[in-house]
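*Asks:* Got a sequence here, can you build the structure:
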Amino acid sequence: MGKTVTVNKKAYHEYFVEETFEAGIMLAGSEVKSIRQGNVNIQDSFVYIRGTNVRLINTHIAPYDKGSHFNPDSRRERVLLLNKNEINKLRSKAEQKGYTIIPLRMYFKDALVKLEIGLCKGKELHDKRKTIKERDIKRDTERQIRDF
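*Replies:* Residues are numbered from 1 along each chain as shown. Sure, this is the predicted structure:
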């Protein structure tokens, strides 16, 4: 895919990811330079659709160090670039109860910044416990195999 900048590990703990999409992001030049340095946080971010506009909310991209005083706001809304069929599919699913659209991973594809967004359904507390238990069992078996 490309060089991964950041991954939203919290999303995989809090949600079941049912489907993923690749979206472009409309950014300013200084924001791209800041992302190249790794100064981005997508942990508390989410995506909403209004009409034909898909927007990324609450993503923090730190101002570029060597930028001027014209740097954009670090938490501004950013437009995501998807085709019409993907937008319609996301909108129809997101309107159903329990579904939300969460950014999962930000990465570079050639010189472009891409965002992997997921159509997610929230986990219940018992689902989270089950996931943790399965992960612990897997880790223990891998240790036993390695030690054997």
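
*Asks:* Which parts of the protein are helices?
*Replies:* 9-14, 29-36, 84-94, 125-147 (DSSP state H).

*Asks:* Just the residues contacting stretch 7-17, thanks.
*Replies:* Here stretch 7-17 makes contact (C-beta atoms under 8 Å, 6 or more residues apart in numbering) with 42-43, 45, 100, 102-105, 118-123, 127-128, 131. Where C-beta positions appear, they are placed from N, C-alpha and C, glycine not excepted.

*Asks:* out of those residues, which are buried?
*Replies:* Buried by 16 or more other C-beta atoms under 10 Å: 42, 45, 100, 102, 103, 104, 105, 118, 119, 120, 121, 123, out of the contacts of stretch 7-17.

*Asks:* of all those, which comes closest to residue 90?
*Replies:* Proximity of the buried ones among the contacts of stretch 7-17 to residue 90 was ranked by C-beta to C-beta; the top entry is residue 119 with 6.4 Å.

*Asks:* was I right about that closest one contacting residue 18?
*Replies:* Yes. Counting by C-beta atoms under 8 Å, residue 119 does reach residue 18; the two are 5.2 Å apart.

*Asks:* what's across from the closest residue in space to residue 118 that isn't next to it in sequence in the sheet?
*Replies:* Computed as C-beta to C-beta, 6 or more residues apart in numbering, the closest residue to residue 118 that is not its neighbour in sequence is residue 17, at 4.2 Å. Note on residue 17: beta-bridge partners residue 120, judged by DSSP bridges.
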